[in-house]
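1. model this:
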Amino acid sequence: MKISEIMRRSPWVIDGVDTLGAAHRLMQQHAIRHLPVMRPGDKLVGLLSERDILEFRASLGGGDEWTLVAVSGAMTRAPQTVHPDDSLTEVAGRLATSKLDAFPVVERGKLVGIVSVTDVLAAEVRRAMEPTPPSEAVASTAMTPGPFAIRPEANLFEAADTMSLHGIRHLPVIDASEVVIGMISERDLRTCLGNPSVFVMARGETSLTVRDVMTTPVITVTPDHPVVEIAKLFEDQRIGAVPVVDREGKLVGIVSYVDALRVLSRPA
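-> As a prediction, this is how the structure comes out:
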């Protein structure tokens, strides 16, 4: 399968001189998380993500000043791109290894579409269901066992430090019995603190605790949960990871969209 078969054609775009406020409104209006940034002549010069906006907004410490800042001040410059003829397997692998969320699709120097991790996961789910029987991979074969976790009373700095140090995007939140009670994501941190790595390096201070920002209740799966269904959860719920728990609800692992892509894009 080629990327041309699953990409979103004629994607919404924005100019680098437009404001972050305008970009945010466009994302909300069309339920999208990425905007290719163009300059006159239809040249791709950057990619603006919801994550970029959240990080920039937090870096200003509140207020509405961020809405007036030019898109060029927060975008990712010279973003990685893919070609319409690239294979689904190749792009799934690139998404998994780079931990990026989307690629602009470029042909002969022109933007022709965009493909996100959600698009690729949906295609991989469809492909995994084609064989008879469908893919038999389960959470226990895809998960990271014994993942890092955090307690709800921990300061948000501790969460940022752990995620930055170990290069992870999701931290399950557990109680004293190691039962999963919530989840905190890099997106949550960027909303409150800006770039977690920068915050940690600057020894930033915050009175917020993990409990203040964690997502609860949290979606969990068991070790025997099919990876195909987990990927469908990522697509439907727009989440990036799920904790894997035992019968008592205790944390035993975590499956991210990277893990699902790695397993589902593996040649049969």
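2. from here on, just use CA atoms for contacts and neighbour counts.
-> Will do.
3. so, low pLDDT: which residues of the stretch 151-268 of the chain?
-> For the stretch 151-268 of the chain, the stretches with pLDDT under 70 are 266-268.
4. show me where it has its helices.
-> Using DSSP state H, counting those that start in this stretch, the helices of the stretch 151-268 of the chain run over 156-166, 186-193, 196-201, 210-213, 227-237, 257-264.
5. out of these, which gets nearest to residue 65?
-> The minimum distance between residue 65 and the helices of the stretch 151-268 of the chain falls on helix 186-193, with 15.3 Å, by CA to CA.
6. turn the helices of the stretch 151-268 of the chain into TSV, including mean neighbour count and distance to residue 6.
-> Formatted as TSV, the helices of the stretch 151-268 of the chain follow (neighbours: other CA atoms under 10 Å; distance: least, CA to CA, whole Å):
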stretch	mean neighbour count	distance to residue 6
helix 156-166	19	32
helix 186-193	22	26
helix 196-201	18	33
helix 210-213	18	34
helix 227-237	20	14
helix 257-264	23	15
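7. out of those, which is closest to residue 109?
-> Closest among the helices of the stretch 151-268 of the chain, using CA to CA: helix 257-264, at 27.9 Å.
8. the closest one packs against which elements?
-> The helices and strands touching helix 257-264, judged by 3 or more CA pairs under 8 Å, 6 or more residues apart in numbering; DSSP states H and E, are helix 88-98, helix 117-128, helix 139-142, helix 227-237.
9. for that helix, give me every contacting residue.
-> Outside helix 257-264, the residues within contact range by CA atoms under 8 Å, 6 or more residues apart in numbering are 92-93, 95-97, 99, 121, 124-125, 128, 135, 137, 142-143, 227-228, 230-231, 234, 240-241.
10. picking that back up, nearest to residue 112, out of the helices of the stretch 151-268 of the chain?
-> Closest to residue 112 of the helices of the stretch 151-268 of the chain, according to CA to CA: helix 227-237, at 23.0 Å.
11. just how off-centre is the closest one within its chain?
-> How far helix 227-237 lies from its chain's middle: 13 Å, per CA atoms, centre = their mean, to the nearest Å.
12. show me what it is packed against.
-> helix 117-128, helix 139-142, helix 257-264.
13. average pLDDT for the second one?
-> The average pLDDT within helix 139-142 is 93.
14. now do stretch 39-50
-> Here stretch 39-50 scores 87 as its mean pLDDT.
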